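Student: The sequence isn't on hand, but the structure is:
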């Protein structure tokens, strides 16, 4: 899978700006203005969890949270994301531990090749934050922007329902 | 700063006047595709993210009008009060892209891009929306019919931007429908918005993706007014709905492209018109 790498523009190359990612302020140096948040996360900040595939907002594999909204990081201009709170898949669990959503994807078989998984994990966390007990239709709607070509989605839906059940029982 | 970030409408006016060649960036869902895939090279960008006033909406009950800021995302139009007041806009908003796109993409962005496939645009056309714009000379209002002038072309002057859109609250039925290759996350191959004002006995219909601009089917609207009662409580003869669909299709001006053929688009938009009119009576 290749990712479209923006060409650096010399006239803009000494720009510096800061992004707040997973609670940390990260400086971005020598960036080109047209770089997407996806590119900056992966290539400049060492956060390769968000994946690049379609680069046009259709596949959802680059999903991150910006100011409490799940968005496609490929369509966010990184330099425009200053002063926002960015949360990536790396920031969901404490100290690299799996979250309940990640564990459920494993136990329910919601992962095959794994490429789309980080985007799904972020989208599912966002869904359950805002709607802890979603109906099947609400799950399908919330995940309609994330494409998986392996699982057929059934196992992913099961994983979401498993987490919703676990959270209800433990609350 | 690589991206200029005004904090208020006044600052936006000022900075856009200083940099008339700058590109305005709202949700980025159209523009970043151009950058990522089509070699677009941004130079000076003006971000609208921090101009909070653009993300507000308000309702003037005395005038039966709602005003929606250019920065309001589709997600905020799908449900809640805006959806209750302008149901067709909510229906159109729900068909835009994916939840991720609807969280970012805005009403003003749809007007800025001005694609014939822009989902909110047939709604604005059918409701005779007024576009409030601000520029170096101050504010002015543009009727939607005069706003969109071609494929991805609008009548904004240099350093002018869309501030908000005002729409009438209509008593009666309104709906949006579109045809695409799948249900979720699809760009329309044909779309239509129909508004039936049952107080006034008027139906308006606007068509998307079947011409260089959004098309109002004025002849079909006029024919329908002569051929059926459109007021509350009236019933509709199915043959009238069928003929209405046929006449709407005749007013479309579709082309063949990678998404569909002109023939299919003309057929589909007629079916959408017939269905929407029938629904407005059910």
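Tutor: Happy to help now that I have it. Computed from a predicted model, the values in this text were never measured in an experiment.
Student: Smallest gap between the stretch 51-200 of chain B and chain A, at which residue?
Tutor: Residue nearest to chain A within the stretch 51-200 of chain B: residue B:98 (2.3 Å; CB to the nearest CB). Placement of C-beta: from N, CA and C, glycine included.
Student: excluding its backbone neighbours, what's nearest the spatially most central residue of chain B?
Tutor: Note on chain B: the residue nearest the mean C-alpha position is residue B:121, at 1.7 Å, using CA atoms, centre = their mean. Nearest residue to residue B:121 in three dimensions, chain neighbours excluded: residue B:214, at 4.8 Å (CB to CB, 6 or more residues apart in numbering or on different chains).
Student: And the pLDDT for that neighbour?
Tutor: Model confidence at residue B:214, expressed as pLDDT, equals 98.
Student: Please apply the same query to residue B:62.
Tutor: On the pLDDT scale, residue B:62 gets 85.
Student: Chain A: helices as residue ranges?
Tutor: For chain A, applying DSSP state H gives helices covering A:37-39, A:100-107, A:117-130, A:136-142, A:154-170.
Student: List phi and psi for the closest residue to the residue of the stretch 51-200 of chain B closest to chain A other than its chain neighbours.
Tutor: Among residues not flanking residue B:98 along the chain, residue A:145 sits closest, at 2.3 Å (CB to CB, 6+ apart). When read as degrees, to the nearest 10, the backbone of residue A:145 gives phi -100, psi 10.
Student: residues touching the residue nearest to residue B:121, list them.
Tutor: For residue B:214, the contact set (CB atoms under 8 Å, 6 or more residues apart in numbering or on different chains) comprises B:116, B:118, B:121, B:122, B:124, B:125, B:144, B:148, B:206, B:207, B:208.
Student: go on, residue A:76?
Tutor: By CB under 8 Å, 6+ apart, the contact set of residue A:76 is A:36, A:37, A:38, A:66, B:28, B:32, B:104.
Student: Can you give me the distance of it to residue B:100?
Tutor: Counting by CB to CB, to the nearest Å, the gap from residue A:76 to residue B:100 is 10 Å.
Student: Same question for residue B:82.
Tutor: Taken as CB to CB, the span from residue B:82 to residue B:100 is 20 Å.
Student: Of those two, give the one with the bigger neighbour count.
Tutor: Shown here are residue B:82 and residue B:100; by other CB atoms under 10 Å in any protein chain shown, residue B:100 has more neighbours (32 against 21).
Student: Might one say that that one is in contact with residue A:144?
Tutor: No. Using CB atoms under 8 Å, residue B:100 is not in contact with residue A:144; the gap is 9.5 Å.
Student: Chain neighbours aside, what residue packs nearest to residue B:247?
Tutor: Residue B:247's closest residue in space is residue B:220 (CB to CB, 6+ apart), at 3.9 Å.
Student: With residue A:45 instead?
Tutor: residue A:26 (5.3 Å).
Student: element containing residue B:146?
Tutor: Per DSSP states H and E: residue B:146 is located in helix B:144-147.
Student: contacts for that helix?
Tutor: Identification of contacts with helix B:144-147 by CB under 8 Å, 6+ apart yields B:111, B:114, B:121, B:124-125, B:128-131, B:154-155, B:214, B:216.
Student: cutoff 7 Å now
Tutor: B:111, B:124, B:125, B:128, B:129, B:131, B:154, B:155, B:216 (CB atoms under 7 Å, 6 or more residues apart in numbering or on different chains).
Student: wait, isn't the third one in contact with residue B:213?
Tutor: No. The pair residue B:125 / residue B:213 is not scored as a contact, 8.7 Å apart, by CB atoms under 7 Å.
Student: If you count surrounding residues, which of these two has more?
Tutor: Taking neighbours as other CB under 10 Å, residue B:125 and residue B:213 compare with residue B:125 leading, 25 against 22.
Student: residues contacting that one?
Tutor: So residue B:125 contacts B:144, B:145, B:206, B:214, B:216 (CB under 7 Å, 6+ apart).
Student: and chain A, which residues reach chain B?
Tutor: By CB under 7 Å from any CB of the partner chain, the residues of chain A that approach chain B are A:4, A:12, A:15, A:17, A:33-34, A:36, A:55-58, A:60, A:63, A:69-72, A:74-77, A:79-80, A:142, A:144-145.
Student: quick one, domains of the chain?
Tutor: Chain wasn't specified; assuming chain A. The record's domain parsing of chain A by automatic domain parsing lists A:10-88, A:94-170.
Student: you looked at the wrong chain, it should be chain B
Tutor: Taken from automatic domain parsing, chain B resolves into B:3-168, B:172-280.
Student: Identify, out of the helices of chain A, the most deeply packed stretch.
Tutor: Across those, averaging neighbours per residue (mean count of other CB atoms under 10 Å in any protein chain shown) puts helix A:37-39 on top, at a mean of 28.
Student: Could you report the neighbour count for the closest residue to chain B within chain A?
Tutor: Nearest residue of chain A to chain B, counting by CB to the nearest CB: residue A:145, 2.3 Å away. By other CB under 10 Å, the residues close to residue A:145 number 25.
Student: quick revisit: tell me who's in contact with the residue of the stretch 51-200 of chain B closest to chain A.
Tutor: If a contact means CB under 7 Å, 6+ apart, then residue B:98 has A:60, A:144, A:145, B:184, B:185 as its contacts.
Student: same deal with residue B:240?
Tutor: Residues in contact with residue B:240 (CB under 7 Å, 6+ apart) are B:227, B:228.
Student: now it: how far from residue A:29?
Tutor: Residue B:240 sits 67 Å away from residue A:29, going by CB to CB.
Student: Quick one: name the residues of the stretch 101-250 of chain B near chain A.
Tutor: With CB under 7 Å from any CB as the criterion, the stretch 101-250 of chain B meets chain A at residues B:101, B:103, B:104, B:184, B:185.
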